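Colleague: below: sequence and its predicted model.
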Amino acid sequence: MGLNFDNPHVEVGDRGFVFSDWRFVGVQTDRNTDRGRLYVNLNGATLELHKSRGLGDLVASGPDASDADVVLSPANGSGLTATVYRSAGAVGDGVAGPIVTVFVYLCDEQDLRAREQHVDGLLIEGERDFNNVLTQTMREFFTRFAGIFPPPPGAGHPLRWSPSIVEQGSRGEPEYTSQFFWGLNRRGAWEIVGLQNPDDYREWAIQQTLSFAYDRTARGGSSDPVFERAMAKQAMADRLFERIKPWVDVDHDRTPDRQPKVRSLRIRRG
């Protein structure tokens, strides 16, 4: 059991955790996603993935199922294939538009090029896109997020009279609401399903991805200025992550309830 590092993604709108274990092949962020996002729609007995929130750009589809894997084949020449486990739960609640939004990545190649003039020079031999470093950024996001708002398994200090409900985060003891960020898929991996504002992490993801890209280029034998730029991007990413406040939807009504807080480890005296 651990974080879903094999296929890291963030889901928004899946109130009953009906979809889990998303796996994608052929992702081209500038071609078959909306800046890293995909929109899920149930059209009769067909499950669809769309590039646009308006559900006008179908990129993959397949027959819906219950308590089984659903295979979505490419549509309209998108080249995108997806597999998802579909539970027996009901989807859709009368809300217009997509029933679920899947963030394959928190930013895309277009974002990277908008920040750096010669970003294509950061691709290493054999690469045609930035999917490797974009996936690395998603894993970093999971690691950081779990460090502050851990998944639900409880862990309390053995000398406490009342053990903590949720395992302590790296910055202190998280609030009760932290557990609502997570869902456990059938493979025993934790997925982020309750975060309501992944878009707020886009700028962080851009800086973090560029940091990873510059870092591996510098370690491959480039000059010191490349390494210095990697460190600068990492420092900026760290500052951005600290400033972002995540929102969580506890009662699953599609509206964030409040921002989780982290309780200090300092002793409070009465």
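Modeller: Done, it's in.

Colleague: and for Phe181, the neighbour number?
Modeller: A count of nearby residues for Phe181, using other Cβ atoms under 10 Å, gives 27. Where C-beta positions appear, they are placed from N, C-alpha and C, glycine not excepted.

Colleague: do I have it right that it meets Val250?
Modeller: No - counting by Cβ atoms under 8 Å, Phe181 does not reach Val250; the two are 10.2 Å apart.

Colleague: hmm, who's touching the lengthiest helix in the chain?
Modeller: In the chain, taking DSSP state H as the definition, the longest helix is helix 224-243. Residues from elsewhere that reach helix 224-243, judged by Cβ atoms under 8 Å, 6 or more residues apart in numbering: 144, 201, 203-204, 207-208, 210-215, 217-219.

Colleague: what's the average pLDDT for that helix?
Modeller: Taken as a whole, helix 224-243 carries a mean pLDDT of 74.

Colleague: wait, Phe145 touches Phe181, no?
Modeller: Yes - at 7.3 Å, Phe145 counts as touching Phe181 under the criterion of Cβ under 8 Å.

Colleague: what is in contact with the two at once?
Modeller: Jointly contacting Phe145 and Phe181 under the rule Cβ under 8 Å, 6+ apart are 192, 195, 246.

Colleague: the last one: how many residues sit nearby?
Modeller: Translated: Pro246. Under the neighbour criterion other Cβ under 10 Å, Pro246 is assigned a count of 21.

Colleague: where's it, which helix or strand?
Modeller: Counting by DSSP states H and E, no helix or strand carries Pro246.

Colleague: now the helices: where do they sit in the stretch 1-150 of the chain?
Modeller: For the stretch 1-150 of the chain, the helices defined by DSSP state H, counting those that start in this stretch occupy 29-32, 109-115, 131-148.
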